[in-house]
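> I would like to see how this sequence folds:
(2 chains, ligands or ions: 3)
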Amino acid sequence: MAKSSLDKKFDQIRKREEEKTFSTKKRSRIVSKFLNNRLAVIGLIIFTIIILASIFAPLLSPYDPMRVDLRSMRQPPSFAHWFGTDSTGRDVFTRVLFGGRVSIFIGLGSAILSAVVGIAVGCYAGYKGGWIDVIALRISEIFMSFPQIILVLLLVSITGQSLFNLMAIFILTGWGGMYRLARARMLSLREEEYVQALRSFGLSTFTICYKHMLPNALSPIMVNITLSTAMFILTEAGLSFLGLGVPLNIPTWGNILNVAQDILVLQNYWWMWGPVGIVISVFVLCVNFIGDGLRDSTDPSQQG
Amino acid sequence: MKKEILKLRDVKVHFPIQAGVFNRVVGHVLAVDGVDLDIFRGEVLGLAGESGCGKTTLGKAILRLVEPTGGEVKYISKNEEETEITSLEKKEMDPFRKKLQIVFQDPHSSLNPSFTIFGSLQDPLKKFGVKSKEERRKIIGDLLEAVNMRREYMDRYPHEFSGGQRQRIGIVRALCLEPELIVCDEAVSALDVSIQAQVLKLLMQLKKEKNLTYLFITHDLSVTEYLCDRIAVMYLGRIVELCDSEDLYQNTLHPYSEALISAIPVADLDKQTKRIVLEGDVPSPVNPPKGCPFHPRCPKAKDICKTDVPKLRKYSTNGKEHYASCHLIDLPEIT
Ligand SMILES: Nc1ncnc2c1ncn2[C@@H]1O[C@H](COP(=O)(O)OP(=O)(O)OP(=O)(O)O)[C@@H](O)[C@H]1O
Ligand code: SF4
Ligand SMILES: [Mg+2]
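Numbering: from 1, shown residues only, chains lettered A, B, ... in the order given. Ligands and ions are numbered 1, 2, ... in the order given. Here you go, the predicted model:
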């Protein structure tokens, strides 16, 4: 076929389009934006250090976090015991490292699992609408209108204290927020024309909402996961401090802090609660910085 | 002999308006309110009308992207089997989904930002039985070349393309299952004028090559004359005039079409007619006026227009069928 004038014109347009060099990939743009946010990068570095230190705790510390050593009780920080020892002679630094394992596991695990539940329900209900959506919305409202701390106290006293009960409670109280976020994103996404186009091919609801739409709803959810991780870690610390969280024999950041209930410890032995308090605060702060950085770098309205 | 591909009979789309704590239905938006329309194989049928008159909704109702609340949409296959498609189950609808496709208006929301072009186009192909990846890549690559783009573009993300390119990718998507009818919903109105003309020419070229039928939705009557074989003019969810596109301009029957045509800017000063300015806005489709829906704005309105709804009647101009719904047409009605 001879080249029509239409083809020629298109060639011209194409040349013009190619002269503007194509912009770089979207992902790398998000990454570079995140890396430009100094607080977020610092947050990410410290976050990584704390996590690695917890994971490799047995390599970093010669002590056993559970071993009682009555000869070295309540020693202040020294070269042998960086954070000193507690009332039963256990090395506080080792306990903070091992406690980090459990606390971070609870925080991150509960946040991710409640996101999974929230997304699974929210995507489907938000996209489908109808009675499924109404029921899911009402259930989440019931959970969210209940003061969380009271619900936690109630459930702890019913189910008893255990690590997995605590996580189950966190997921139960936390999925509602994730669900609403996912649902709200799906409600606005489902009017987008590419979704209509997928529907015009009669693709299944599952393919459309979980495969094609979900990736576009993820960035606010990622932000929310980081923020809830911080919140769950704080809640765990608070509950354990009150003696309602993880059973006391398992070291967690909250359980280590628990000794500060004793006014004697609080006044005389700052190393038993000070360092762990700082570690909790720093970790939570870092997670929040990461969350803010993620939010800024993925916010499409701020993309240059 | 012209053969129909689609027959719409009294198609209605009423959106419920919900209010209050219990989402009680307090009224309906009568977006499409009783449309009868035949679309013939191989034609370009224009669908014109002001914003909000229900053009998009009608186009989507044909594809069941919104479910019609009443009426029938019949698809007539090449060997003249007639199927009513609005009552089909999801699975039964699949063969017709292949035949009926749509190109959207907004090139910015029409592509999924998280997937490459190939990534978002391959699922429909997979679903309709193109099992091997090489084959899917070949189909998409060939179509990209057919719309004057490079094959390699299929591995790029949507944000790397300009509006005109995105729109052409939208056309590729509509074409990928070899449809018979494509609803072009203001397919070019979001583009630069210079690119508009190219995309329109491309659409017409593809139509010839692939024997397509177009339902060409537009709010701009100035392009339709050259592109469309017939034009339907819509007002408040109804068709008020339907005829050959030349006749619409030369033998306008409905006062609303007259007003729309007079609003087209004319280059030739001698031909400049007096512009009919329509008073007021389009009435709300929630409470359309009684009688002729156009009467509050019609410069020719008489008393009868306020009480009686004019039917869409068949007349003849230039020896061709010409439908219009107005009380004041003094041509003999054809039955
Ligand atoms: N999902 C919906 N729910 C409720 N009302 C709707 C919905 N979609 C459309 N409408 C209403 O139906 C009417 C017709 O809308 P439609 O989009 O079909 O108009 P249109 O002719 O395509 O206009 P435009 O030229 O602006 O695209 C409008 O009043 C609109 O507000
Ligand atoms: S029926 Fe009456 S109001 Fe309606 S278009 Fe005709 S003249 Fe105007
Ligand atoms: Mg529209």
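
> contacting residues around residue 148?
Just going to use chain A. A:173, A:235 (C-beta atoms under 8 Å, 6 or more residues apart in numbering or on different chains). Placement of C-beta: from N, CA and C, glycine included.

> That was the other one, I meant chain B.
Residues in contact with B:Asn148 (C-beta under 8 Å, 6+ apart) are A:7, A:10-11, A:14, B:168, B:202.

> try it again with 6 Å
A:Phe10 (C-beta atoms under 6 Å, 6 or more residues apart in numbering or on different chains).

> Where does pLDDT dip in the chain?
Here I'm looking at chain A. Under the criterion pLDDT under 70, the flagged ranges of chain A are A:1-4, A:13-27, A:299-304.

> That was the other one, I meant chain B.
Ranges of chain B meeting pLDDT under 70: B:1, B:266-274.

> what does it put close to ligand 2?
B:254-255, B:292, B:294-295, B:298, B:300-301, B:305, B:310, B:326-328 (C-beta under 6 Å from any ligand atom).

> repeat that with 5 Å
Residues of chain B lying near ligand 2 by C-beta under 5 Å from any ligand atom: B:255, B:292, B:294-295, B:298, B:300-301, B:305, B:310, B:326-328.

> Tell me how far the residue in the stretch 151-300 of chain B positioned nearest to chain A lies from ligand 1.
Closest approach between the stretch 151-300 of chain B and chain A, counting by C-beta to the nearest C-beta: B:Glu160, at 4.7 Å. Distance, B:Glu160 to ligand 1, by C-beta to the nearest ligand atom, to the nearest Å: 28 Å.

> How about B:Glu333?
From B:Glu333 across to ligand 1, the span is 28 Å (C-beta to the nearest ligand atom).

> same check, this time on A:Leu234
Distance from A:Leu234 to ligand 1, by C-beta to the nearest ligand atom: 43 Å.

> With A:Val279 instead?
For A:Val279, the distance to ligand 1 - C-beta to the nearest ligand atom - is 52 Å.

> Then A:Leu294?
For A:Leu294, the distance to ligand 1 - C-beta to the nearest ligand atom - is 33 Å.

> Run a quick neighbour tally on that residue.
A:Leu294: 24 surrounding residues under other C-beta atoms under 10 Å in any protein chain shown.

> which stretch of helix or strand covers it?
For A:Leu294, the element it lies in under DSSP states H and E is helix A:274-298.

> Check B:Leu30 too.
strand B:24-40.

> Check the secondary structure at B:Phe322 for me.
In this structure residue B:322 is His, not Phe. strand (DSSP: H, G, I helix; E, B strand; the rest coil).

> And for it, nearest residue in space, chain neighbours not counted?
B:Cys243 (4.1 Å; C-beta to C-beta, 6 or more residues apart in numbering or on different chains).

> Could you point out the helix or strand that follows the helix or strand hosting the one you found?
Using DSSP H and E, B:Cys243 sits in strand B:238-244. As assigned by DSSP H and E, the chain's next helix or strand after strand B:238-244 is helix B:245-250.

> Helix or strand next in line after that following helix, which one?
Downstream of helix B:245-250, the next assigned helix or strand under DSSP H and E is helix B:255-262.

> Not counting that next one itself, show me its contacts.
Residues contacting helix B:255-262 (C-beta under 6 Å, 6+ apart): B:221, B:233, B:235, B:240-241, B:252, B:273, B:275-276, B:278, B:294, B:298, B:300.

> List the ones among those residues that fall in helices.
B:Leu221 (DSSP state H).

> who wins for neighbours among the contacts of helix B:255-262?
B:Val233 (28 neighbours).

> one step back: ok, now how distant is the residue of the stretch 151-300 of chain B closest to chain A from ligand 2?
49 Å.

> How about B:Leu177?
To ligand 2, B:Leu177 is 41 Å away according to C-beta to the nearest ligand atom.

> give the contact list for B:His28.
Neighbouring residues of B:His28 by C-beta under 6 Å, 6+ apart: B:14, B:16.

> Actually, A:Ala136.
A:121, A:125.

> longest helix anywhere in chain A?
From DSSP H, the single longest helix across chain A is helix A:92-128.

> That helix: what's the following helix or strand?
From helix A:92-128, the next helix or strand downstream (DSSP H and E) is helix A:130-145.

> circling back: hmm, which of the residues of chain B next to ligand 2 are the buried ones?
B:255, B:292, B:294-295, B:298, B:301, B:305, B:310, B:326-327 (16 or more other C-beta atoms under 10 Å in any protein chain shown).

> which one among those residues gets closest to B:Val32?
B:Phe294 (16.4 Å; C-beta to C-beta).

> Now do the closest residue to the closest one other than its chain neighbours: how many residues are near it, please.
Nearest residue to B:Phe294, sequence neighbours excluded (C-beta to C-beta, 6+ apart): B:Tyr256, at 5.2 Å. Other residues lying near B:Tyr256 total 27 when counted by other C-beta under 10 Å.

> From ligand 1, how far off is B:Tyr256?
Applying C-beta to the nearest ligand atom, the value for B:Tyr256 to ligand 1 is 14 Å.

> ditto for A:Ala111
For A:Ala111, the distance to ligand 1 equals 35 Å [C-beta to the nearest ligand atom].

> That residue reaches A:Leu227, doesn't it?
No: the pair A:Ala111 / A:Leu227 is not scored as a contact, 8.3 Å apart, by C-beta atoms under 6 Å.

> more crowded one of these two?
Neighbour count, other C-beta under 10 Å: between A:Ala111 and A:Leu227, A:Ala111 has more, with 25 against 20.

> Now for A:Thr61: which residues touch it?
If you look again at residue A:61, you'll see it is Ser, not Thr. A:Ser61 neighbours (C-beta under 6 Å, 6+ apart): A:94, A:97.

> Let's see that with 10 Å instead.
A:53, A:81-82, A:91, A:93-98 (C-beta atoms under 10 Å, 6 or more residues apart in numbering or on different chains).

> cool, B:Ser222 as well?
Neighbouring residues of B:Ser222 by C-beta under 10 Å, 6+ apart: B:261, B:263-266.

> ok, which stretches of the chain are strands?
You didn't pick a chain, so chain A it is. For chain A, no strands are identified by DSSP state E.

> that answer is for a different chain, and I need it for chain B
Under DSSP E, chain B gives strands at B:4-19, B:24-40, B:44-48, B:70-76, B:82-84, B:100-103, B:181-185, B:213-218, B:230-235, B:238-244, B:313-317, B:320-324.

> From the contact counts, what lies against the first one?
Translated: strand B:4-19. strand B:24-40, helix B:55-62, strand B:70-76, strand B:82-84, strand B:213-218 (3 or more C-beta pairs under 10 Å, 6 or more residues apart in numbering or on different chains; DSSP states H and E).

> one step back: specify the angle between the longest helix of chain A and helix A:130-145 in degrees.
150 degrees (axes from the mean of the first three to the mean of the last three C-alpha atoms, to 10 degrees).

> how close does the closest residue to A:Ser78 other than its chain neighbours get to A:Trp273?
Using C-beta to C-beta, 6+ apart and skipping the chain neighbours, the partner closest in space to A:Ser78 is A:Gly84 (7.2 Å). Distance, A:Gly84 to A:Trp273, using C-beta to C-beta, to the nearest Å: 11 Å.

> what's the overlap in contacts for these two?
Joint contacts of A:Gly84 and A:Trp273 (C-beta under 10 Å, 6+ apart) are A:Val92.

> if we can go back for a sec, could you dump the strands of chain B to CSV with distance to ligand 1?
Output for the strands of chain B, formatted as CSV (distance: least, C-beta to the nearest ligand atom, whole Å):
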stretch, distance to ligand 1
strand B:4-19, 3
strand B:24-40, 3
strand B:44-48, 9
strand B:70-76, 15
strand B:82-84, 22
strand B:100-103, 12
strand B:181-185, 7
strand B:213-218, 7
strand B:230-235, 7
strand B:238-244, 12
strand B:313-317, 24
strand B:320-324, 19
